[in-house]
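Novice: Need the 3D shape of this:
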Amino acid sequence: MKLTLAQKILWVAAALALVAFAALVWTGGLRTSSSEESAQQAFRPEFRLEDAAGRPVTSEDFRGRYRLVFFGFTNCPDVCPTTLSEVAQVMDGLGSQADRVQPLFLSVDPERDAGAELAEFTSAFHPSILGLAGSPEATQAAAESFKIFFAREDDATAPDGYSMAHASALYLIGPDGDWLRQYEYGMPATDILADLQNRLEGSLP
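Specialist: Predicted structure coming up:
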């Protein structure tokens, strides 16, 4: 079939438009990736809380080490025990490199979580997990810095008549304090361990 001159012009115009659109999508994607990477690099969560003995602890105290950070509460019936059990498996799996990683449990229930009860809860999973809590204001500030949510919810079946809704992910903070990634709830401990080992060995930043 012979194409008329008008048809040829239309085909060429369509092809040029397709190329231009592809280029726009490609460069736009690059800009998005670059901006997302910059945003992540600029994301440096901070906190000022207390350990079980009442000593002040800040995010700067762990500079130079990777941090596995989880927000939860000691009366949590499922998500917290599951995640902390996985953290324990990860810490055991790290072997001699475990001292380069600090697991942190940040309480979102300042009314009930403090002192010996907090220490007993975290040590039941692994001795290296450090439990931290603070005032309602300090707790809120920490959550906002990590860009996570939590909220008190009335629950007649829960201890003291309430429970806490909270983010369920485990967060990885780098040695410089930068947010690196999050491990979604339910990710196998073996996958978390493999990712951490790659970073410790220099395969990943």
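Novice: doesn't Phe121 make contact with Arg112?
Specialist: No: using Cβ atoms under 8 Å, Arg112 is not in contact with Phe121, being 10.6 Å away. Quick note: C-beta positions are derived from backbone N, CA and C, even for glycine.
Novice: so what sits against both of the two?
Specialist: Taking Cβ atoms under 8 Å, 6 or more residues apart in numbering as the contact rule, Arg112 and Phe121 both touch Thr74.
Novice: Just want to know which of these two has more residues nearby.
Specialist: Neighbour totals were compared for Arg112 and Phe121, and Phe121 leads with 23 against 16 (other Cβ atoms under 10 Å).
Novice: So that one is in contact with Leu130, correct?
Specialist: No: Phe121 lies out of contact with Leu130 (Cβ under 8 Å); the separation is 11.5 Å.
Novice: Outline the domain layout of this protein.
Specialist: Annotated domains of the chain cover 1-42, 48-200 [automatic domain parsing].
Novice: Where in the protein is the helix or strand with the lowest mean pLDDT?
Specialist: helix 5-42 (a mean of 43; mean pLDDT, DSSP states H and E).
Novice: Past that helix, which element shows up next along the chain?
Specialist: For helix 5-42, the following helix or strand on the C-terminal side (DSSP states H and E) is strand 48-50.
Novice: Distance from that following strand to the middle of the chain?
Specialist: When C-alpha coordinates are averaged (Cα atoms, centre = their mean, to the nearest Å), strand 48-50 and its chain have centres 19 Å apart.
Novice: what sits against Pro45?
Specialist: Pro45 is in contact with Ser59, Val69, Ala142, Ser145, Phe146, Lys147, Tyr171, Ile173, Gly177, Trp179, counting by Cβ under 8 Å, 6+ apart.
Novice: No further questions, thank you.
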